[in-house]
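*Asks:* sequence plus predicted model, see below.
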Amino acid sequence: MSQRGKLMQRKFLKGVAVAFLIAAGSLFVVSAAEQEVISDGVFIGDKDVSGMTPDEAKAYVKGEVEKLGSSAITIQMGDAQVTKTWKELGLEWENKDLVDEVSQIGTTGNIVRRYKEQKDLQNQSSRFEIEYTMDESAQKAFVDSCVQFNSEPVEGSCYMGDDGRLHVEGGTDGLKLDVDATLVSLKEHLKDYEAGDTVIEASVQRTSPVLTAEMLEKMNNVLGTATTDYSASSWGRAKNVETATAKINGKLLMPGESYSVTEVVVPFTAENGYELAPSYEAGQVVDSYGGGICQVSTTLYNAVLKAELQVNSRSNHTMLVNYVDPSKDAAIAEGLMDLVFTNTLENPVYIAGSAYAGTLNFTIFGVETRPANRSIEFISETLSQTDPSSNIKLVAKTDQNVGYFTQVQSPHQGLSACLWKNIYYDGVLSETIQVNSSNYQASPAIYEIGVVTSNQALASALYTAIGQNDLSQVQSILANGVKESETPATEPPQIDVPQEPDPPVVVDPPVTEPPVVDPPVVEDPPATTDPGETMDPPEPDEFVQ
């Protein structure tokens, strides 16, 4: 071919190529202009947005943002929780030009660029992500709101069931929010920007209770128990016994903790649940709120002795009571006398008290650590006695007519006693320890004599006899004087008038230092190691304190 022919051929081929490119470009522009859709192979997140119009793609992205924004995030802390949405935590769509960016791939620029981008998408898809921003102060406030759920440990507890057994309820840990660690966990979750409700466990510091269920479940041993009878009490006295017992019942005494009975049961007022009942005051029997309360402290004292807790303070009554042996009583009086004891054991003890149908009981539960072959008993020993039979007191009643003659208090025997603790191993006496000593005052029989009369000589004679404390003279005057009186009177009673209920009197505190006394001779060891003891029912006239 000639040179001219070759030149003509090259021009022809070049013209064909240019025509092809112009035609392809024209078709591409026409197609893009007509369809206005995103090129094939373009993804937003995991969503293939190929073929979508920009408006459709923008609607999709907004839907994803709204879905994430309405998703709930919950921080769980123990049994409590707080919930916020992503939007409330400051979620914002940051790259709002995303749809415009993906819409331009393969559709803008010169023909070569567009062609190249289209060819690239055929070989490998292009992925774009929705970018967000968060409000860090909102996240911090979200975590801080959980501080309200901080809690102190709840100690385990126990109670006496109807089956007579000790039941245990376990405690719960105290929780304290670790703000920094919880905030890190929250941010770690937020960085994935995944829609859907989620729960994040708060980071906390736990504080275990001292009294765990495991510890309390070991407290199933009876360390000491004591029972007294109050069935002959008046309604008011019985009510006082039951009220005070209920106030003491259920006490869990920790190792090293001391317990004051008086602090728990006062004040002795109607508002605090007490009734009027006979009690001792300055050597007299008077009605006062809380009469009979000392039987409660006495019964508890005997249980404490058997549990071998430390007795810090104990006082005997000023006069004998009949519901326990001498030196086994424990009187209390607000501001004067108290029963105080301390749990010197390594484990807690539980005090269970019940007063029902005339039977009063206290039982102390705990962990038994004493040797199985060891037993104890408590022996009351009378050291001396004072006969009160000739001791009387006459009282003039200025609101009663002559002829009124009543014995209001029986005589009480004076007595000195001490309490011994015998310790046995395998039934053999090993040691005898003096626990306490007690001095009980003798108290007189008290008679009230009416002195109201129009017969001045008779009244004067009665006042003289009463002042001399001469009972026989009073009876003689009444026997003769009533017959001569202008005002008839009933025949005066004889000296052996029936006795009225006869109570003890709180006067002076007992001797705190026990005298040195030789222990009683022990003939036989106790038959069992039972920590309990039931007292014989007392006579009605002993029910006062």
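*Replies:* Cool, got the structure.
*Asks:* when you work out contacts or count neighbours from here on, use the C-alpha atoms and nothing else.
*Replies:* Noted.
*Asks:* what are the buried residues along the helix or strand Val99 falls within?
*Replies:* According to DSSP states H and E, Val99 maps onto helix 98-103. Buried positions in helix 98-103, judged by neighbour count with 16 or more other CA atoms under 10 Å: 98-99, 102-103.
*Asks:* and it, C-alpha only, in CSV?
*Replies:* What follows is helix 98-103 as a C-alpha-only set of coordinates in CSV (Å, rounded to 0.1, in the frame of the first residue of the first chain):
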residue,chain,number,x,y,z
LEU,A,98,-22.9,10.9,52.3
VAL,A,99,-25.8,10.4,49.8
ASP,A,100,-24.5,13.2,47.5
GLU,A,101,-21.1,11.5,47.6
VAL,A,102,-22.3,8.0,46.7
SER,A,103,-24.6,9.5,44.0
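*Asks:* let me know the closest of the buried residues of helix 98-103 to Ser454.
*Replies:* Leu98 (121.3 Å; CA to CA).
*Asks:* does the closest one touch Ile130 like I think?
*Replies:* Yes: counting by CA atoms under 8 Å, Leu98 touches Ile130, with 7.4 Å between them.
*Asks:* so who does Lys421 touch?
*Replies:* 376-379, 432-435 (CA atoms under 8 Å, 6 or more residues apart in numbering).
*Asks:* where along this structure do the helices fall?
*Replies:* 3-35, 54-70, 98-103, 111-123, 136-144, 179-190, 213-217, 235-248, 261-265, 293-307, 456-467, 471-484 (DSSP state H).
*Asks:* least confident of the ones you listed, on average?
*Replies:* The weakest mean pLDDT among the helices of the chain belongs to helix 3-35, with a mean of 52.
*Asks:* what's around the nearest residue to Thr245 once chain neighbours are set aside, how many residues?
*Replies:* Excluding its sequence neighbours, the residue lying closest to Thr245 (CA to CA, 6 or more residues apart in numbering) is Gly353, at 5.8 Å. Residues lying near Gly353 (other CA atoms under 10 Å) number 26.
*Asks:* do the same with the one 3 residues further on
*Replies:* By the criterion of other CA under 10 Å, Tyr356 has 15 neighbours.
*Asks:* so in terms of bridging, what pairs with it?
*Replies:* Thr359 (DSSP bridges).
*Asks:* what distance do you get for it to Thr342?
*Replies:* Separation of Tyr356 from Thr342 (CA to CA, to the nearest Å): 27 Å.
*Asks:* dihedrals phi and psi, Asn347?
*Replies:* phi -130, psi 160 (degrees, to the nearest 10).
*Asks:* list the residues that contact it.
*Replies:* Contact analysis of Asn347 by CA under 8 Å, 6+ apart lists 254-255, 366-367.
*Asks:* next one: Thr74
*Replies:* Counting by CA under 8 Å, 6+ apart, Thr74 touches 81-84, 197-200.
*Asks:* ok, back up a step: list just the nearest of the contacts of Asn347 to Pro388.
*Replies:* Once CA to CA is applied, the member of the contacts of Asn347 that ends up nearest Pro388 is Gly366, at 44.4 Å.
*Asks:* list the contacts for the closest residue to that closest one other than its chain neighbours?
*Replies:* Here the nearest residue to Gly366 in space, its sequence neighbours aside, is Met219; by CA to CA, 6+ apart that works out to 4.1 Å. By CA under 8 Å, 6+ apart, the residues touching Met219 are 348-350, 365-367.
*Asks:* quick one: Thr432 and Tyr424 touch, right?
*Replies:* No: using CA under 8 Å, Thr432 is not in contact with Tyr424, being 9.2 Å away.
*Asks:* beta partners of Val168?
*Replies:* With DSSP bridges as the rule, Val168 is bridged to Cys158.
*Asks:* what's around it, how many residues?
*Replies:* 21.
*Asks:* and for Gln205, nearest residue in space, chain neighbours not counted?
*Replies:* Per CA to CA, 6+ apart, closest to Gln205 is Lys176, 5.1 Å.
*Asks:* let's see the pLDDT reported for the one you found.
*Replies:* Here, the pLDDT recorded for Lys176 equals 96.
*Asks:* what about it, how many neighbours?
*Replies:* 20.
*Asks:* now do Asp162
*Replies:* 8.
*Asks:* about what we covered before: contacting residues around the residue nearest to Gln205?
*Replies:* 147, 149-151, 204-206.
*Asks:* also Leu91?
*Replies:* 69, 132-135.
*Asks:* how does it look with 6 Å?
*Replies:* Counting by CA atoms under 6 Å, 6 or more residues apart in numbering, Leu91 makes contact with 133-134.
*Asks:* how far away is it from Ala57?
*Replies:* Applying CA to CA to Leu91 and Ala57 gives a distance of 20 Å.
*Asks:* cool, Asp40 as well?
*Replies:* Taken as CA to CA, the span from Asp40 to Ala57 is 13 Å.
*Asks:* swap in Gln148?
*Replies:* Gln148 is 44 Å from Ala57, by CA to CA.
*Asks:* which one's more surrounded, those two?
*Replies:* Ala57 (24 against 10).
*Asks:* how about the residue most central in space within the chain: what's its closest non-neighbour residue?
*Replies:* Centrality entry for the chain: nearest residue to the mean C-alpha point is Ser157, 6.9 Å, by CA atoms, centre = their mean. Closest residue to Ser157 apart from its sequence neighbours, by CA to CA, 6+ apart: Glu169 at 5.2 Å.
*Asks:* is the one you found in contact with Tyr159, as I believe?
*Replies:* No: the pair Glu169 and Tyr159 fails to qualify as a contact (CA atoms under 6 Å) at a distance of 8.4 Å.
*Asks:* what about Phe268, neighbour count?
*Replies:* 21.
*Asks:* list the contacts of it.
*Replies:* Phe268 touches 289-290, counting by CA under 6 Å, 6+ apart.
*Asks:* still on that earlier bit, how about the contacts of Met219, which pair is most distant?
*Replies:* Farthest pair in these, by CA to CA: Tyr350 and Val367, 10.1 Å.
*Asks:* between the two, which has more neighbouring residues?
*Replies:* Neighbours around Tyr350 and Val367, counted as other CA under 10 Å, are more numerous at Tyr350. The numbers are 25 against 19.
*Asks:* pLDDT score for Leu336?
*Replies:* For Leu336, the model assigns a pLDDT of 92.
*Asks:* how near is it to Ser313?
*Replies:* 11 Å.
*Asks:* got it, and Tyr259?
*Replies:* 10 Å.
*Asks:* quick check: neighbours shared by those two?
*Replies:* Residues touching both Tyr259 and Ser313 (CA under 6 Å, 6+ apart) are Val340.
*Asks:* and those two? Which one has more around it.
*Replies:* Neighbours were tallied for Tyr259 and for Ser313 using other CA under 10 Å; the higher tally belongs to Tyr259 (19 against 14).
*Asks:* ok, what's across the strand from the more buried one?
*Replies:* According to DSSP bridges, beta-bridge pairing links Tyr259 with Phe341.
*Asks:* Thr406 now?
*Replies:* Here Thr406, judged by DSSP bridges, has bridge partners Glu448.
*Asks:* touching, it and Ala445? I think so.
*Replies:* No: here Thr406 does not reach Ala445: they are 10.7 Å apart, not a contact under CA under 6 Å.
*Asks:* do I have it right that Ala277 meets Arg237?
*Replies:* Yes: using CA under 6 Å, Ala277 is in contact with Arg237, at 5.2 Å.
*Asks:* list the residues that contact both of these two?
*Replies:* The contact lists of Ala277 and Arg237 share Gly291, where a contact means CA under 6 Å, 6+ apart.
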